[in-house]
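Colleague: Predicted model follows, preceded by the sequence.
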Amino acid sequence: MTKSETPITIKKYANRRLYNTGTSTYVTLEDLATMVKDGDDFVVFDAKTGEEITRAVLAQIIFEQENKEGTQNLLPINFLRQLIRFYGDSMQMLVPRYLEVSIDSLTREQSKFREQISQAFGMGGFGGMEDHVRRNMEMFERTFAMFAPFARQSAQNSQGAAEPEKQTKSSSGSGDDIHDLKRQMEEMQKRLDRLGDKGE
């Protein structure tokens, strides 16, 4: 069954009701979540202003899914804290691309996970998959931590330091900080490139 190349238009009204113009029916956030899982592309517009609000609606779907009873959460608390810290930060512009590369890599790995389950169905198969997922998540979190700004890392590392040591650090020239930041950026790019190569 082929999917339409044109995204389905969803209109959101003031009463928060969502209207699928493709099927001429009202839908729920759960219906939109099902559409995403089925690969149906859609865009959401505010019926009154005409403003596109797809991002906000997708975020609302994630919020609903994370708070659904009996459903395993996908977003670790530490990840959410890290993500919030990037809003308004100088590194913010790098985060969306990094997350896209990471989720694309995870999506490609998904087919390998399914193959492992089908080839070794049972406790051993699932156990091996869980170990693999855990290793990938640990690598993901370590790499994501690299995005923490240099200034914040320096401040956190120096909280318990003695006063003379703080004075020594503050007396160093700003050129050193810039050099260190550039070095960290280069190292981060190399790791991202390696992650992309592993996912291919």
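Modeller: Noted; the coordinates are in hand. Residues are numbered from 1 along each chain as shown.
Colleague: how about the CA coordinates for stretch 90-99, as PDB?
Modeller: In PDB, the C-alpha atoms belonging to stretch 90-99 read as follows (Å, rounded to 0.1, in the frame of the first residue of the first chain):
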ATOM      1  CA  SER A  90      25.500  28.600  22.600                       C
ATOM      2  CA  MET A  91      25.600  24.900  21.700                       C
ATOM      3  CA  GLN A  92      21.900  24.700  21.100                       C
ATOM      4  CA  MET A  93      22.200  24.900  17.300                       C
ATOM      5  CA  LEU A  94      24.200  21.600  17.300                       C
ATOM      6  CA  VAL A  95      21.800  19.600  19.300                       C
ATOM      7  CA  PRO A  96      19.000  19.000  16.600                       C
ATOM      8  CA  ARG A  97      21.400  17.700  14.000                       C
ATOM      9  CA  TYR A  98      23.100  15.500  16.600                       C
ATOM     10  CA  LEU A  99      19.800  14.000  17.700                       C
END
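Colleague: Contacts made by the helix or strand in which Val57 is found with the rest, please.
Modeller: The secondary structure element spanning Val57 is helix 54-66 (assigned by DSSP states H and E). Under the criterion C-beta atoms under 8 Å, 6 or more residues apart in numbering, residues 10, 12, 18, 29-30, 32-33, 36, 42-44, 71, 73-75 lie in contact with helix 54-66. The C-beta positions use only the backbone N, C-alpha and C, and glycine is treated the same way.
Colleague: For Asn20, which residues count as its bridge partners?
Modeller: Beta bridges link Asn20 to Ile10, Thr25, judged by DSSP bridges.
Colleague: gap between it and Thr34?
Modeller: 12 Å (C-beta to C-beta, to the nearest Å).
Colleague: For Lys12, give me phi and psi.
Modeller: Per-residue torsions, Lys12: phi -110, psi 120 (degrees, to the nearest 10).
Colleague: With Arg85 instead?
Modeller: The phi and psi torsions at Arg85 (degrees, to the nearest 10) take the values phi -60, psi -30.
Colleague: Kindly report the same for Glu69.
Modeller: Taking degrees, to the nearest 10 as the convention, Glu69 sits at phi -70, psi 140.
Colleague: Test for you: state the pLDDT assigned to it.
Modeller: In the predicted model, Glu69 carries a pLDDT score of 78.
Colleague: List the residues that contact it.
Modeller: Applying C-beta under 8 Å, 6+ apart, one finds that Glu69 lies in contact with no residue.
Colleague: between Asn20 and Thr34, which one's more packed in?
Modeller: Neighbours were counted for Asn20 and for Thr34 using other C-beta atoms under 10 Å; Asn20 has more, 18 against 12.
Colleague: Quick check: buried residues in stretch 32-46?
Modeller: Of the residues in stretch 32-46, those buried under the neighbour-count criterion (16 or more other C-beta atoms under 10 Å) are Leu32, Ala33, Met35, Phe42, Val44, Phe45.
Colleague: can you name the two of those residues that are farthest apart?
Modeller: Pairwise distances across those peak at 18.6 Å for Ala33 and Phe45 (criterion: C-beta to C-beta).
Colleague: and the buried residues of stretch 32-46 as CSV, adding distance to Leu99 and secondary structure?
Modeller: Rendered in CSV, the data for these read as follows (distance: C-beta to C-beta, whole Å; DSSP: H, G, I helix; E, B strand; the rest coil):
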residue, distance to Leu99, secondary structure
Leu32, 21, helix
Ala33, 19, helix
Met35, 22, helix
Phe42, 21, strand
Val44, 21, strand
Phe45, 25, strand
